[in-house]
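K.L.:
with the sequence up front, the predicted model follows.
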Amino acid sequence: MQVNIFTDGSSRGNPGPGGFGIVMISAKHRKEISAGYRKTTNNRMELLAVIMALKSLKLHGLYITIYTDSKYVCEAVEKKWVFGWEKKNFSGKKNADLWKQFLELYPKNHISFKWVKGHAGHKENERCDVLATQAADNTKNFMIDEGFETGLYN
């Protein structure tokens, strides 16, 4: 089964309040997910969007294409940098807590990444941006980015 996942992250200030937006499409099914955090970074939200999308899947062995405007996330996986970081126990790398979560989810499916230019009229990327920025602005429902606020991300 093919699943197309579109993701975006947002941070109002870096660090600052942030959020992520996800659009998942498979056949006739469409799902949107978003959440906001009181203090985080843009890169964390970009990566967390991918993680939350993968965590929301009920099946494994899927063929997944993840579309992101984050070169940080896309290149770390597609150029296999993250696997080298893992071998060095993420020494000197930020967001190690999130990368470790990603690496637990990654082998459960057949995943490829496609970079899309942000704010360039890509319909689903634009929708993810709206979801992410709305979540970042919704101070009533903020969650806590434990990894960032406790300093575990380094």
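P.N.:
Now that the structure is in, tell me what you want to look at.
K.L.:
for the helix or strand of the chain with the lowest mean pLDDT, name the packing helices and strands.
P.N.:
Lowest on mean pLDDT, DSSP states H and E among the helices and strands of the chain sits helix 146-149, with a mean of 92. Helix 146-149 makes packing contacts with strand 29-40 when contacts are defined by 3 or more C-beta pairs under 8 Å, 6 or more residues apart in numbering; DSSP states H and E. C-beta here means a position set from N, CA and C on the backbone, and glycine is covered the same way.
K.L.:
which residues touch stretch 143-152?
P.N.:
Stretch 143-152 is contacted by residues 15, 18, 35-41, 44, 48, 95-98, 153 when judged by C-beta atoms under 8 Å, 6 or more residues apart in numbering.
K.L.:
also stretch 57-67?
P.N.:
So stretch 57-67 is in contact with 1-7, 50, 53-54, 108-116, 122, 124-125, going by C-beta under 8 Å, 6+ apart.
K.L.:
shaky segments in this structure?
P.N.:
For the chain, the stretches flagged by pLDDT under 70 are 152-154.
K.L.:
quick check on the residue located most distally from the centre of it: phi, psi?
P.N.:
Distance from the centre of the chain peaks at residue 28, with 23.1 Å (C-alpha atoms, centre = their mean). Main-chain torsions, residue 28, degrees, to the nearest 10: phi -90, psi 0.
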